[in-house]
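S.K.: Provided below for reference: sequence and predicted model.
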Amino acid sequence: MAEAISFLHTTGIFQIDISHILMIVAGLIFIYLGIAKEYEPLLLVPIGFGIILGNMPGIMGVYDKGSVMNILYYGVRSGVYPPLIFLGIGAMTDFSTLIANPKLILLGAAAQFGIFATFLGAIFLGFNLAEAGSIGIIGGADGPTSIFLSSQLAPHLTGPIAIAAYSYMALVPVIQPPIIKLLTTNKERVIKMKTPRLVTKTEKLIFPIIGFLVTVFIAPRAAALLGMLFFGNLLKESGVTTRLAKTASNALVDIVTIVLGLTVGASTSADVFLNATSIKIFILGALSFCVATATGVIFAKLMNLFLKEKINPMIGASGVSAVPDSARVVHNLGKEYNKNNFLLMHAMAPNVAGVIGSAVAAGVLFGILGN
């Protein structure tokens, strides 16, 4: 009998408490949203399962030195995984629409206002400068960049920051449409934009090189992210490194996404995650994402005051870094009001500009706030 009781004490059934149950339920919700609603399933399913894994009582988790999960979590803790994700993004991204219509990069820049607004909000709520900078990047809706910056400035907040960033990225189809509709008129939503000009191969080859030089001179601390992004794109556009581009955009990015999602989810152990700090981060993240969406749309409307060829202001919302979901949301809204309106290619320009913009913003914050 004593042996049976001793065995029972070693099981998770004996050690589980209400906080673990709450987090396991949260993980199940993530999995449900990923599978049933198809909200970023490549992110939410690994993260959701990771949340369940990290909250099983008695396991050797990401915070137990020497454990398998702790070793895998090193890529998050040290900021190794985000640049590899950026390599894959660069290798799968076509920058043609941005090259063809470079003024749309301003929309990607405008959407980054959410980052700096959240930075100020975080300071107001009592976070120090480094923590506020890490939290602010959630406004760019860029999970890898959020992980990268928080791992450098506020590693103790990496878990909740990453979960918040990826959660709002997944909820783009829910969060953005009401904001876009609120800030635009029916007349603006049906604006049709001309098909972008064809971009030459030379332009596609030059862009990643020039883009890297310009952005890294502005934000040298973001070189790891921007360098991998533009290097991946160069592999894609060169025409002579197809195998490398396919590996970066498929096998490599898939492997890193699996491990990153699982370990980030597992970092949300109830004893370190369920606290007032995490709640503040989630609230700030929601507000920052809304502000980023709104400022993108508002800036597009301001641009129309000076442009002869009007742009559909809805594409300003895709200035956040949630590629390509934000662009897809704008396209679907455009089709809802005008079945002959195809905004996807136009929305992708500020969308990829947002990826660059959030990385530059992270580099600027890292340069100012880092040691």
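M.R.: Arrived safely.
S.K.: ok, now which ones touch Val216?
M.R.: 222-223, 226-227, 363 (CB atoms under 8 Å, 6 or more residues apart in numbering). The C-beta positions use only the backbone N, C-alpha and C, and glycine is treated the same way.
S.K.: for Gly58, phi and psi?
M.R.: Per-residue torsions, Gly58: phi 90, psi 0 (degrees, to the nearest 10).
S.K.: okay, now Leu28: neighbour count?
M.R.: Other residues lying near Leu28 total 14 when counted by other CB atoms under 10 Å.
S.K.: which helix or which strand is home to it?
M.R.: helix 18-35 (DSSP states H and E).
S.K.: state the distance from the most centrally placed residue in the chain to Ser150.
M.R.: Central residue of the chain (CA atoms, centre = their mean): Asp142, 2.1 Å from the mean position. Asp142 sits at a distance of 12 Å from Ser150 (criterion: CB to CB, to the nearest Å).
S.K.: also Leu183?
M.R.: 30 Å.
S.K.: higher neighbour count, these two?
M.R.: Neighbour count, other CB under 10 Å: between Leu183 and Ser150, Ser150 has more, with 29 against 20.
S.K.: need the contact list for the more buried one.
M.R.: Counting by CB under 8 Å, 6+ apart, Ser150 makes contact with 134-135, 137, 157-158, 161-162.
S.K.: for the residues you listed, which one is nearest Leu344?
M.R.: Distance to Leu344 across the contacts of Ser150 (CB to CB) is lowest for Ile137, with 26.0 Å.
S.K.: any idea how far that closest one is from Thr118?
M.R.: Distance of Ile137 to Thr118, computed by CB to CB: 8 Å.
S.K.: neighbour count for those two, which is higher?
M.R.: Each of Ile137 and Thr118 has its neighbours counted (other CB under 10 Å); Ile137 has more, 33 against 27.
S.K.: host element of the residue lying closest to that one once chain neighbours are set aside?
M.R.: Of all residues not flanking Ile137 in the chain, Ser146 sits nearest, at 4.7 Å (CB to CB, 6 or more residues apart in numbering). Using DSSP H and E, Ser146 sits in helix 143-153.
S.K.: the residue nearest to Ile137: how many residues sit nearby?
M.R.: Other residues near Ser146 come to 31 when the count uses other CB under 10 Å.
S.K.: wait, it sits on Ile161?
M.R.: Yes - counting by CB atoms under 8 Å, Ile161 is a contact partner of Ser146 at 5.3 Å.
S.K.: what touches both of those two?
M.R.: When contacts are counted by CB under 8 Å, 6+ apart, Ser146 and Ile161 have 134, 137-138 as shared neighbours.
S.K.: mind checking which of those are in helices?
M.R.: Under the assignment DSSP state H, the shared contacts of Ser146 and Ile161 contribute Ser134 to helices.
S.K.: export the shared contacts of Ser146 and Ile161 as JSON lines, with columns for distance to Val45.
M.R.: Shown next, in JSON lines, are those (distance: CB to CB, whole Å):
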{"residue": "Ser134", "distance to Val45": "25"}
{"residue": "Ile137", "distance to Val45": "24"}
{"residue": "Ile138", "distance to Val45": "21"}
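S.K.: I'd like the shared contacts of Ser146 and Ile161 laid out as a markdown table, including pLDDT and distance to Phe49.
M.R.: A markdown table is the format used below for the shared contacts of Ser146 and Ile161 (pLDDT from 0 to 100; distance: CB to CB, whole Å):
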| residue | pLDDT | distance to Phe49 |
| --- | --- | --- |
| Ser134 | 92 | 25 |
| Ile137 | 87 | 25 |
| Ile138 | 85 | 22 |
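S.K.: let me know the closest of the shared contacts of Ser146 and Ile161 to Ile18.
M.R.: Using CB to CB, Ile138 is the member of these that lies nearest Ile18, at 27.8 Å.
S.K.: ok, Gly121 - contacts?
M.R.: Listed by CB under 8 Å, 6+ apart, the contact partners of Gly121 are 284, 287-288.
S.K.: quick check: closest non-adjacent residue to Ser267.
M.R.: Here the residue nearest Ser267, using CB to CB, 6+ apart, is Gly159, at 3.7 Å.
S.K.: do the same with Ala286
M.R.: In space, and not counting its chain neighbours, Ala286 is closest to Tyr168: 6.7 Å by CB to CB, 6+ apart.
S.K.: can you flag the buried ones in the contacts of Gly121?
M.R.: 284, 287-288 (16 or more other CB atoms under 10 Å).
S.K.: which of these lies closest to Thr277?
M.R.: Leu284 (10.6 Å).
S.K.: right, and that closest one touches Ala117 too?
M.R.: No - applying CB under 8 Å as the test, Leu284 and Ala117 come out as separate, 9.6 Å apart.
S.K.: which stretch of helix or strand covers the closest residue to Ser278 other than its chain neighbours?
M.R.: Among residues not flanking Ser278 along the chain, Pro160 sits closest, at 4.2 Å (CB to CB, 6+ apart). For Pro160, the host element (DSSP H and E) is helix 158-170.
S.K.: avg pLDDT for that helix?
M.R.: Taken as a whole, helix 158-170 carries a mean pLDDT of 86.
S.K.: list the helices and strands the next helix or strand after it packs on?
M.R.: Helices and strands here follow DSSP H and E; after helix 158-170, the next one along the chain is helix 172-183. Applying 3 or more CB pairs under 8 Å, 6 or more residues apart in numbering; DSSP states H and E, we find helix 172-183 packed against helix 276-304, helix 325-337.
S.K.: would you mark the buried spots in helix 172-183?
M.R.: So, applying 16+ other CB under 10 Å, buried residues of helix 172-183: 172-173, 175-177, 179-181, 183.
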